[in-house]
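> Have a look at this fold, sequence not included:
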RNA sequence: CGGGGUGUAGCGUAGCCCGGUAUCGCGCCACAUUUGGGAUGUGGAGGUCGUAGGUUCGAAUCCUGCCACCCCGACCA
């Protein structure tokens, strides 16, 4: 992270956090562990927001907004929840500053809050406190609400994009009349995330459930999608929680059922964050910078003119105008980089750094021949193609790139997915190629913790599609009836 | 929060041991030549050496406190 922007490609580190900065997405801010997301990086987040938001609406959800500050007393109503988050909360204790007489600005001790406010690390408590007033009858259910917001978790250690003290996310909070309905919602939203990750981000994910030890604080069941990064470490890319009646009981949220009985409401919550940006970067980037899947890229096609004279430029402009229009009709976003302050080679490198999927270079020579140079970011290849039918070509190429990026990541995961049957083998794979390790586990938290202590690997999930299989725990030799996935994780 | 490290121009750095106000590269500005893969030449601008104290005739350099960042650990989306 200490390395900054340099001008030459060979200086780019394989180390992804460096890459993030150099790709002009984000930098650390002066505030501990937070990040400044630069415009180009934010444009990528906005694309994610737009696509996810549409899916949320399609699945019946609405957006709402709840307060940033949570009274401490709300927070402590759900025992497991408060225990899970207590060690990482930013707390507001005063509401005023003053001049101490010597010109220094200090906290005004007279302005101490009666009750401290917690800067939300997640909004279950304040939302369920609100839902109490919204729900009386089964007719008020379900409530399907999502919030786009920032949250703060005062982590001991931060990592750009993956674990910043403040991060942007969406959190869905739903209320249901029955257990079944809530579980269905939990699974539905996990599917939304998984499809988004695979179809849009081109990041293959494994759908699974967390072990009791890794479960969200306050949940009965935590579902997750787990992605694999290019360095062989796993990354939790999204979670969907079945909260049971825990929060309804803590906040006294009851409804009268069809049968006239007073019952507690069933709940879910689910979220993905700017961590997805990290997933995207670490899954696809190479030494030349970002590789953005076309469906996500804010700019899908960049056009670079190559010219010596104004006449040549004018001729190219006419062609580019027409091409741009044709692409826009096909809903393809285009950037015409007609800066005369940079040379073509510089522009090529710069747009590669930013991960733009397709580049069209067109110069006087092309204008004579009726051709352009068409380059794709994912394979770093280029070819000379006819101007005739170019927009259609590009449209197909974008699809091919999307597919190729996904396949590449899928192949990588397939080659980093290992079944092992002994602890020795387990450690060998873990220290070697890394990746997901599928093995038997005796189902106890104690074993899970011991393995983590010894190897740093954690159980990423119990895959949803895992089949029953008799075996013995690689650590204790006790019987097990299915495999789970271990990995070192971020 | 524990262990280790770093902080010098927009970025990356040398200098620190052994005190005498700062090196180099990239970038930036001007002009010229250039322009199909990160141009070249010449000239130029840019620095409270993280910060607050201390020692000293004199501190980037030695000492102390503080702050920030990075790495490892514990914690975690």
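It's in. All of these numbers come straight from a predicted model, not from anything done at the bench.

> So for the longest helix seen in chain A, what gets flagged as buried?
As assigned by DSSP state H, the longest helix anywhere in chain A is helix A:390-415. Buried residues in helix A:390-415, counted by 16 or more other Cβ atoms under 10 Å: A:390-391, A:393-395, A:397-398, A:401-402, A:405-406, A:408-409, A:412-413. Every residue, glycine included, has its C-beta placed from N, CA and C.

> what helix or strand does residue A:447 sit in?
Per DSSP states H and E, residue A:447 falls inside helix A:445-455.

> in that helix, what's buried?
Applying 16+ other Cβ under 10 Å to helix A:445-455 flags A:447-448, A:451, A:455 as buried.

> Give me the helices and strands touching it, please.
Applying 3 or more Cβ pairs under 8 Å, 6 or more residues apart in numbering; DSSP states H and E, one finds that helix A:445-455 contacts helix A:423-431, strand A:458-463.

> The ones you listed: which one's closest to RNA strand B?
Ranking those by proximity to RNA strand B (Cβ to the nearest atom of the strand) places strand A:458-463 first, at 7.4 Å.

> So what's the model's average confidence on that closest one?
Strand A:458-463 comes out with an average pLDDT of 95.

> Also stretch A:41-59?
On average, stretch A:41-59 scores 96.

> Outside of that stretch itself, list whatever touches it.
If you take Cβ atoms under 8 Å, 6 or more residues apart in numbering as the criterion, stretch A:41-59 is touched by A:23-26, A:37, A:63, A:144, A:146, A:148, A:168, A:170, A:172, A:188-189, A:192, A:195-196, A:200, A:272, A:274, A:276-277, A:280, A:292, A:295-298.

> out of the residues you listed, which are buried?
For these, buried by 16+ other Cβ under 10 Å: A:23-26, A:37, A:144, A:146, A:168, A:170, A:172, A:189, A:192, A:196, A:200, A:272, A:274, A:276-277, A:280, A:292, A:295-298.

> among those residues, which are in reach of RNA strand B?
Residues of those in contact with RNA strand B (Cβ under 7 Å from any atom of the strand): residue A:274.

> Tell me which of the buried ones among the contacts of stretch A:41-59 fall in helices.
Short answer: the buried ones among the contacts of stretch A:41-59 in helices (DSSP H) are A:189, A:192, A:276-277, A:280.

> Tabulate the residues you listed (JSON lines), appending pLDDT.
Converted to JSON lines, those look like this (pLDDT from 0 to 100):
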{"residue": "A:189", "pLDDT": "98"}
{"residue": "A:192", "pLDDT": "98"}
{"residue": "A:276", "pLDDT": "93"}
{"residue": "A:277", "pLDDT": "89"}
{"residue": "A:280", "pLDDT": "90"}
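
> From RNA strand B, how far out is residue A:357?
According to Cβ to the nearest atom of the strand, to the nearest Å, residue A:357 stands 13 Å off from RNA strand B.

> so what's the closest residue in space to that residue that isn't next to it in sequence up against?
Counting by Cβ to Cβ, 6 or more residues apart in numbering, residue A:294 is the residue found nearest to residue A:357 once chain neighbours are left out, at 4.5 Å. If a contact means Cβ under 8 Å, 6+ apart, then residue A:294 has A:300, A:357-358, A:398-399, A:401-402 as its contacts.

> And for residue A:191?
Counting by Cβ under 8 Å, 6+ apart, the residues that residue A:191 touches are residue A:207.

> For RNA strand B, state which of the buried residues of helix A:445-455 is nearest.
residue A:455 (10.0 Å).

> The closest one contacts residue A:428, correct?
No - contact between residue A:455 and residue A:428 fails when scored by Cβ atoms under 8 Å: they sit 10.8 Å apart.

> Just give me the closest of the buried residues of helix A:390-415 to residue A:267.
Nearest to residue A:267 among the buried residues of helix A:390-415 is residue A:413, at 32.7 Å by Cβ to Cβ.

> The closest one touches residue A:435, doesn't it?
Yes - Residue A:413 lies in contact with residue A:435 (Cβ under 8 Å); the separation is 7.3 Å.

> which residues do these two both contact?
residue A:228.
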